[in-house]
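Trainee: model the following, please.
(chains A and B)
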Amino acid sequence: MNKIPNRQAICEVLMEEAKKDRDITVLCSDSRGSASLAAFADEYPEQFVETGIAEQNLVSISAGLAKCGKKPFAASPACFLSTRSYEQCKVDVAYSDTNVKLIGISGGISYGALGMSHHSAQDIAAMSAVPNMRVYLPSDRFQAGELIRALLRDEKPAYVRVGRNAVEDIYDQINCPFELDQSNVLCEGSDAAIIACGEMVKPAYDAARLLAEQGMETTVIDMYCVKPLDREAIVKAAAAVKVVLTVEEHSIFGGLGSMVSQIVAEQCPKRVVNIALPDAPVVTGTSKQVFDHYGMNAEGIADKVKRLLAEQEA
Amino acid sequence: MSGFFIRKEDCMKELSKLAYDLRRNTVRMIVEGKGGHIGGDMSVMEILVSLYHSQMNIRPANQNDPLRDKFVMSKGHSVEAYYAVLASKGFFDMEDVIANFSKFDSSYIGHPNNKLSGIEMNSGSLGHGLPVCVGMALAGKMNQQDYRVYTVMGDGELAEGSVWEGVMAGRQYKLDNLCAVVVRNRLQISGDTEKVMGHDDLHERFGSFGWHVIDVADGNDIDQLNRAFDEAKTIKGKPTVVIANTVKGKGSAIMENKANWHHKVPTKEETKQLFKDFEARKEAL
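Mentor: Numbers count the residues shown, from 1 in each chain, chains lettered A, B, ... in the order given. Now for the predicted structure:
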């Protein structure tokens, strides 16, 4: 049972790299604890900037630092980073093309019962719609680490969303294939394709195992890079199956599901069904309770696939 | 216009004249491009001329030098004046920007475009420049580089909350390498700033946030501006704001202090009159 959340994995990589590269700078908006970055702040006070509870300032200051050669990572709860400072992300980061890496922590419904103010079910849609902004949702701690290492090697804007809680591993230290702007095919089948991102990849992968036990073969794609989207992988997977499902911890509107549907409709028309959060404040509960309620767990995803395949047969 | 053999007063006079020549180019740009924020362009002109021609260590030859001074035009809608001043520094060709401003597929967009030589940041949405400059000034402190950072804001812009987030951070990090300029022309698109969202306590407000505050009685006077920027360089341990009291539409009685000239294309007759008035003001210097 893994107990290291993705945010902590990010901190570990940043601490490791900050030793070698003094331009790496972490910024928080009174969020060092929630971002698991308190250790970074303690170890590298000269490379840490606190902006107070001021997310707009967090992003603009990051842009100014980047313009002067620093490599800022601005970490703040995804709900605030992607809405309160959206315009700074758009103008000061993406439009001005500054090397700012935006780290949205406790994304999706991580904060559970804290309610809609603390949920970020719109960040994929919002960030993806901004030209020059890339959007990543790593699926486990190993991939989160690889992603940060890769982002340190380029000088372009990016938004990364990770959740609050530890998620089960998909990869391991040795086996974690990663290339920016690609995707990973975790298993292949000819019945259905499940395309998932972020922390929904694990339940999707588990669903494929449940389906395999019942004789159904499923392709599962870990779409850790939502923008630019790996069109080729989507079309290849969709062309080989009867039905396509998308799974994401995001609003049903404007996220991975919408984008995959767009590509499949254009390049290989086929039935696409989106599993996502409803267009409403989600039911109160822990994130696990919320996922269970909306069928966003391995059993729920497997059931949906079964039903869709049965409908196709009929 | 530079060199040790030129007396300071003569140099100031030359720069004041240059401001009027650049006003003429700005008006030509707006007429050609069929749009522009003419009132603010006119009020900010001497501030930009003072910064670019007297104060800042920025020129085409050192634009990639990490030690160059940094400037962000937070009041992005006064882009026509900004383009004219950048062209006068040789960042791009004056006739090229006049001919192509706002035209189809042009790089001379109606707000600053950092794909153009000499422009650090895109702006246009207000309240961004100061917080960005806080980051730039902070980087200077972290890297122990002694460049200075400047931003120019409008007075109407100060209603944006993000400005005050930047003001707080500037003080917190003791950014004495940061100088903000407020173009206090007392007019915004809807009219009198004091009726829209008042700033008559601006001096006290910035002071209470821990900034050094310099009031410039005539923000269209190059000499007064230079003295303020020189003073700012001597202040240690905190950032400085220069509140420059300017006249919106400065340069001709037909547009001075008139809110309806916030965004306007002058007619042929008005343009003729403006050019005539600019010449007369220049002669009177």
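
Trainee: and the helix or strand that contains B:Thr271, what does it pack against?
Mentor: Per DSSP states H and E: B:Thr271 is located in helix B:268-284. Under the contact criterion of 3 or more C-beta pairs under 8 Å, 6 or more residues apart in numbering or on different chains; DSSP states H and E, helix B:268-284 touches helix B:8-33. All C-beta spots, glycine's among them, are computed from the backbone N, C-alpha and C.

Trainee: mind listing the strands for chain B?
Mentor: B:70-73, B:149-154, B:178-184, B:187-188, B:191-192, B:212-216, B:240-245 (DSSP state E).

Trainee: turn these into CSV, including distance to B:Leu130, mean neighbour count and mean pLDDT.
Mentor: Formatted as CSV, those follow (distance: least, C-beta to C-beta, whole Å; neighbours: other C-beta atoms under 10 Å in any protein chain shown; pLDDT from 0 to 100):
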stretch, distance to B:Leu130, mean neighbour count, mean pLDDT
strand B:70-73, 8, 28, 98
strand B:149-154, 5, 27, 98
strand B:178-184, 6, 28, 98
strand B:187-188, 17, 22, 92
strand B:191-192, 23, 12, 92
strand B:212-216, 15, 19, 98
strand B:240-245, 9, 24, 98
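
Trainee: what about the ones you listed, which gets the closest to chain A?
Mentor: strand B:70-73 (7.2 Å; C-beta to the nearest C-beta).

Trainee: what's the helix holding B:Thr271 in contact with?
Mentor: Contacts to helix B:268-284, defined as C-beta atoms under 8 Å, 6 or more residues apart in numbering or on different chains, come from residues B:16-17, B:20-21, B:23-24, B:27, B:31, B:251-255, B:266.

Trainee: for the closest residue to A:Val260 other than its chain neighbours, give me its contacts.
Mentor: Using C-beta to C-beta, 6 or more residues apart in numbering or on different chains and skipping residues adjacent in sequence, the residue nearest A:Val260 is A:Thr246, 4.9 Å away. Residues in contact with A:Thr246 (C-beta under 8 Å, 6+ apart) are A:194-196, A:256-257, A:260-261, A:272-276.

Trainee: bridged to A:Thr246, which residues?
Mentor: A:Ile195, A:Asn274 (DSSP bridges).

Trainee: next up, the contacts around A:Ala35.
Mentor: A:Ala35 touches A:7, A:11, A:28, A:75-76, A:103, A:105, counting by C-beta under 8 Å, 6+ apart.

Trainee: the domain parsing of chain A - what is it?
Mentor: A:6-161, A:184-313 (automatic domain parsing).

Trainee: quick one: average confidence on the last one?
Mentor: To tie it back to what came earlier, the one meant is domain A:184-313. Domain A:184-313 comes out with an average pLDDT of 97.

Trainee: one more: the longest one?
Mentor: Domain A:6-161 shows an average pLDDT of 97 in the prediction.

Trainee: quick revisit: tell me which two of the contacts of helix B:268-284 sit farthest apart.
Mentor: B:Ser16 and B:Val31 (23.6 Å; C-beta to C-beta).

Trainee: check contacts around the residue in the stretch 151-285 of chain B that chain A sits nearest to.
Mentor: Relative to chain A, the nearest point of the stretch 151-285 of chain B is B:Glu165 (3.7 Å; C-beta to the nearest C-beta). By C-beta under 8 Å, 6+ apart, the residues touching B:Glu165 are A:51-52, A:54, A:56-57, B:131.

Trainee: model confidence score at it, please.
Mentor: For B:Glu165, the pLDDT comes out at 98.

Trainee: ok, now B:Phe4?
Mentor: B:Phe4 is given a pLDDT of 53.

Trainee: what of B:Glu160?
Mentor: pLDDT, read off for B:Glu160, is 97.

Trainee: circling back to that earlier point, so which of the contacts of B:Glu165 is the most crowded?
Mentor: B:Pro131 (34 neighbours; other C-beta atoms under 10 Å in any protein chain shown).

Trainee: shouldn't that residue be in contact with A:Ser62?
Mentor: No. Here B:Pro131 lies out of contact with A:Ser62, judged by C-beta atoms under 8 Å, at a distance of 9.5 Å.

Trainee: the stretch 1-150 of chain B: helices as residue ranges?
Mentor: B:8-33, B:38-50, B:79-88, B:94-100, B:129-142 (DSSP state H, counting those that start in this stretch).

Trainee: elements contacting the third one?
Mentor: This means helix B:79-88. helix B:8-33, helix B:38-50, helix B:94-100.

Trainee: mind checking the pLDDT average for it?
Mentor: 98.

Trainee: for chain B, what lies in contact range of chain A?
Mentor: Taking C-beta under 8 Å from any C-beta of the partner chain as the criterion, chain B approaches chain A at residues B:66, B:70, B:114, B:120-125, B:127-128, B:131-140, B:142-143, B:161-162, B:165-166, B:168-169, B:172.

Trainee: need the contact list for the residue in the stretch 101-250 of chain B that chain A sits nearest to.
Mentor: Going by C-beta to the nearest C-beta, chain A is nearest to B:Gly135 of the stretch 101-250 of chain B, at 2.2 Å. With contact set as C-beta under 8 Å, 6+ apart, B:Gly135 has these partners: A:60-68, A:72.

Trainee: let's see that with 10 Å instead.
Mentor: A:25, A:27, A:49, A:51, A:57-68, A:70, A:72, A:92, A:98, A:100, B:70, B:72, B:149, B:166, B:169, B:173 (C-beta atoms under 10 Å, 6 or more residues apart in numbering or on different chains).

Trainee: give me the nearest residue to it, chain neighbours excluded.
Mentor: Leaving aside its chain neighbours, B:Gly135 sits nearest to A:Gly64 (2.2 Å; criterion: C-beta to C-beta, 6+ apart).

Trainee: ok, A:Val283 next?
Mentor: Nearest one to A:Val283, counting by C-beta to C-beta, 6+ apart, is A:His293 at 5.2 Å.

Trainee: these two touch, right, that neighbour and A:Gly112?
Mentor: No. Assessed by C-beta atoms under 10 Å, A:His293 is found out of contact with A:Gly112, at 11.5 Å.

Trainee: of these two, who's got more company?
Mentor: Neighbour count, other C-beta under 10 Å: between A:His293 and A:Gly112, A:Gly112 has more, with 19 against 14.

Trainee: what is the burial count for A:Gln312?
Mentor: 12.

Trainee: helix or strand for it, which one?
Mentor: Counting by DSSP H and E, A:Gln312 is part of helix A:298-313.

Trainee: would you mark the buried spots in the host helix or strand of A:Ala204?
Mentor: Assigned by DSSP H and E, A:Ala204 belongs to helix A:201-213. Buried residues in helix A:201-213, counted by 16 or more other C-beta atoms under 10 Å in any protein chain shown: A:201-208, A:210-211.
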